[in-house]
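Novice: Give me a model of this one.
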Amino acid sequence: FKTEFHPKSGCSTAFESFSTFDRTHRDAVSNSVVEDGSEPWHPFQTRGDFEFSELAHKAALNKDLTNQLLALIQRLLSGEARLTLRSDHDKHVVNVHHAKHDLEFDVHYRPLWDWAMDILQDPLLQPHFTWDAQRLYKYNGERFERFIDEPWTGDRWWNIQSLLPQENAAPFAFILYTDKSHLSSSGKVKAYPVIVHCGNLPTHIRNSNHGLGGGQLVGWLPIVPEDSANDRKLSYTNLKRVVWHQAFLKLLDSITRLSRVGFAYKTHNGLIRTLYPIVLILSADYEEQCVMSLIRGLNSGCPCPICLVPSNELRDHSKTHPRRRSEEAIARFELYKRSRRIGEELIWRPVENAFWHVNHSCPHAALCFDPLHINDGGLFCNHLFVEFKKILASIGRHAEKTVDTQHEAFPRWRNFNHFKSVTNVFFSDGNKLLDIAKQVIFTAQNVLTHEEHPIGFALLRCIASYLQYHMYILLDVHTETTLAAGECELCTFQNHLEEYIAMHDPETMQKNWNFPKVHLGKHAFTDIREKGAARNFSTRPNESHHGPIRKYYLLQTNRKDAAEQILRLDHKSLVSEFIRSRLEHHDQTRLKKISDQGTLEDDENETLDDRSFSGHIYLGSPQKSVTLAYIEENYLSHVFRDFRKKLSKFLNEFLPAHSIPIPGGRSWFITSPTDKVSSFRYLKVNYESTVDWKVATDYLRCNPSFHGRERFDCALVWSVDRHQNEKLIFVRLHFMFQYTVGTETLPLALVTSLDAPTGSRGRVADEKLRLKRLRSRPPSSSEIIPLRSIVRGALLAPDFKHSGDYFLVNYIDTDMFLRSQTLFQ
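Specialist: Model (predicted):
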């Protein structure tokens, strides 16, 4: 690996091996310093006081119940306790003059720099901050290829740091998210929270939902009430924008001056850095982006908040249009103040933008492509999926029933939503919609065929291409190669979409494919180059904050003046998490002092499903040991035919090849019918991800009745061909077991290979739909393999038209997506 640091960092270019590069990032955890002898439960007087408060808060106890519980404990223990928490949010009134009336709106906020100082002073977080821009490279065998992941590896951080005055200057990067949500089931009560993250912290801390380093609620914006008499009037729309930006400016007020003069900060290693707060990323859906950038929105001549694309060219990705700039917007706003008649013709709303007051924080540069709302909940949900269901409905109920039945039969996978039907789905959960998109190609390819339904087949080609470019966007680490491939696939998607549109009669076609969300993909890969991987600016991590807010409202408020009560409860959660993190650090430090390394390693390798484990594989869910004779007599499937014979053949090839001595000094190993094997139904496999080169884990099942259903998962394994050359093939696991030879216990599996020739069946359709076809060998040709030959798990969907044929679900995760690019070349 090669790391180029920004010139202002004072660091020279570093070259590191894989293990060294990985370790320098990992050691930050061990460098955290908390003063010895401190009381991590402070400001509570005792640890018991804190744990009581934490429990009462998590249980959503109201004041009376909390006091009753405390009184009971006091009586039982004959002791005393006192609970004191205060809210750390301020309240400000926004005054706006509209239609001859003075209007007032309350905004609740916590000064952004107060929050920043809290995390800057946290000794557990200090070693994790990154201040200087970096350009990272990985040697690919021919050259050093640049890769991008965290915000400081993108070009925008580098460019901003180059503009800062001092040599020791560095950005303090704010990532801000806001979105309205419903608190009540009726939708009458709404919340308008503002969530902040620190871009200087790594993703696993920044995007977490707990602890001081994760996303934090810092503001509650006012909502201008709906008015049926005025809602469509330009003046009322502008009023909403004025209220929003004046309220948001109060939130930004504490960093506006510091963005110009800087703040001297002593880092954990003793260096003095001048930090300049900037708004690096604005994370929001399209509607919020229109408000933040003050563009005129969906029906304007230029409806993109980032560039000046005309509304009639939104689906044309071959053209690049000028970017919007704050300098131009400010000039136009000054023009509007001098001549309102001219201002009414502007492509911006004639309102002062709050972000203009913060240096290096142009809202158009900070706004980003949002995969959740623009693709999952937008382009796919409201357009491609709607078209898909319309086409099925036009064919008839039998087509809808077939697709639904095949969705129900779709194989299951960990953390992958399963659906009994999709043709009657009308929800907006982006995560579920993403999983539907990953499945419809496989469940509809035998229904919407090129011969019988050419328009439906053309739509499937659009969806297949959409999935390809969407999977590139979702990569956690991007190289120059993946970025170029993603941009190329975006153009391919446009071509397929144009072909689909051309198949309809222009006079009768009601669908207009020129809409903003089909265009915004144009900016996705530019945003990644500038601000790092999409997980840095996606709204997906922030959507989870709405759940606790809704819970506070429903369980712990009196439903009146909810904002102040919710902010107070959220502050209690922050205090609780803050102290809990110190207690956990305190306990871990004590444990390390009293435990030797061997004990710690044993604890880490417990047999719970969610525990980490060392090594490549871990077998779980052990079953009763049985003899080889029992297997051949009672396991009647053709897969187990000649099981002992196959085991003997495998062992006599495997043992010599791996220098494992045969007991008794014999040259040929003979199995006995009374030999026992220990079977298992659960397997965890660690593998190195091709996306970020970190360890990932697959969870595989080999179980005749897993939650009442038969489940025999598949895997990608190393094998050898008849010329003894190594190759990768897919197999289905039928029986996982351990067999002991002398002192060696071998983890093995009985599998059927899916490497039979596929012939020309469906080749043209497979290529057009990007399907990776596999064919299973007969059950009687099963074989034994070492479990350590497994590379990773694999999800295979059946070809519902041809028995024995399967398709690789290469969209199951980004690692399999990248592997499939080379596996089937």
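
Novice: Remind me what the helix or strand containing L574 packs against, helices and strands.
Specialist: Secondary-structure assignment from DSSP states H and E places L574 in helix 562-594. Helix 562-594 sits against helix 47-58, strand 101-109, strand 190-191, strand 216-220, helix 546-556, with contacts defined as 3 or more C-beta pairs under 8 Å, 6 or more residues apart in numbering; DSSP states H and E. Backbone N, C-alpha and C define where each C-beta goes, glycine included.

Novice: got the buried residues for the second one?
Specialist: By that I understand strand 101-109. Going by neighbour count (16 or more other C-beta atoms under 10 Å), the buried part of strand 101-109 is F105, V107, H108, Y109.

Novice: and if you look at stretch 717-725?
Specialist: Buried positions in stretch 717-725, judged by neighbour count with 16+ other C-beta under 10 Å: V717, S719.

Novice: any weak-confidence spans in the stretch 251-400 of the chain?
Specialist: Scanning the stretch 251-400 of the chain for pLDDT under 70 picks out the ranges 341-347.

Novice: Tell me where it has strands.
Specialist: 263-266, 272-283 (DSSP state E, counting those that start in this stretch).

Novice: Tell me which of those strands sits most buried.
Specialist: strand 272-283 (a mean of 23; mean count of other C-beta atoms under 10 Å).

Novice: ok, G214 touching P202?
Specialist: No - judged on C-beta atoms under 8 Å, G214 makes no contact with P202 at a distance of 11.6 Å.

Novice: quick one, which of the two is more surrounded?
Specialist: Neighbour comparison, G214 and P202: the larger count goes to G214, with 21 against 17 (by other C-beta atoms under 10 Å).

Novice: so what's L771 closest to, chain neighbours aside?
Specialist: When the adjacent residues along the chain are set aside, L771 lies closest to F807, with 5.0 Å between them (C-beta to C-beta, 6 or more residues apart in numbering).

Novice: What separation do you get for the one you found and L55?
Specialist: For F807, the distance to L55 equals 50 Å [C-beta to C-beta, to the nearest Å].

Novice: Between the two, which has more neighbouring residues?
Specialist: More crowded of F807 and L55, by other C-beta under 10 Å: F807, with 21 against 13.

Novice: Now P305: phi and psi?
Specialist: Main-chain torsions, P305, degrees, to the nearest 10: phi -80, psi -10.

Novice: do P622 as well
Specialist: Dihedral angles (degrees, to the nearest 10) for P622: phi -70, psi 150.

Novice: could you pull out the strands for the stretch 651-800 of the chain?
Specialist: Remark: strands assigned in the stretch 651-800 of the chain by DSSP E, counting those that start in this stretch are 676-688, 695-706, 709-712, 714-720, 726-741, 744-753, 773-775, 783-786, 790-794, 796-798.

Novice: what comes up buried for the longest one?
Specialist: Of the residues in strand 726-741, I729, F730, V731, R732, L733, H734, F735, M736, F737, Q738, Y739, V741 count as buried by neighbour count, 16+ other C-beta under 10 Å.

Novice: Is it possible to get CSV of those residues that adds pLDDT and distance to Q45?
Specialist: Formatted as CSV, the buried residues of strand 726-741 follow (pLDDT from 0 to 100; distance: C-beta to C-beta, whole Å):
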residue, pLDDT, distance to Q45
I729, 96, 64
F730, 97, 61
V731, 98, 61
R732, 98, 60
L733, 98, 56
H734, 97, 61
F735, 97, 59
M736, 97, 54
F737, 97, 57
Q738, 97, 54
Y739, 97, 60
V741, 94, 62
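
Novice: Just flag the most distant two among these.
Specialist: By the measure C-beta to C-beta, F730 and V741 form the most distant pair in these, at 27.7 Å.

Novice: just for this structure, where's the confidence low?
Specialist: Along the chain, the parts satisfying pLDDT under 70 run over 22-38, 72, 75-88, 228, 341-347, 592-614.

Novice: At the geometric centre of it, which residue do we find?
Specialist: By C-alpha atoms, centre = their mean, the chain has its centre lying nearest to R535, at 5.7 Å.
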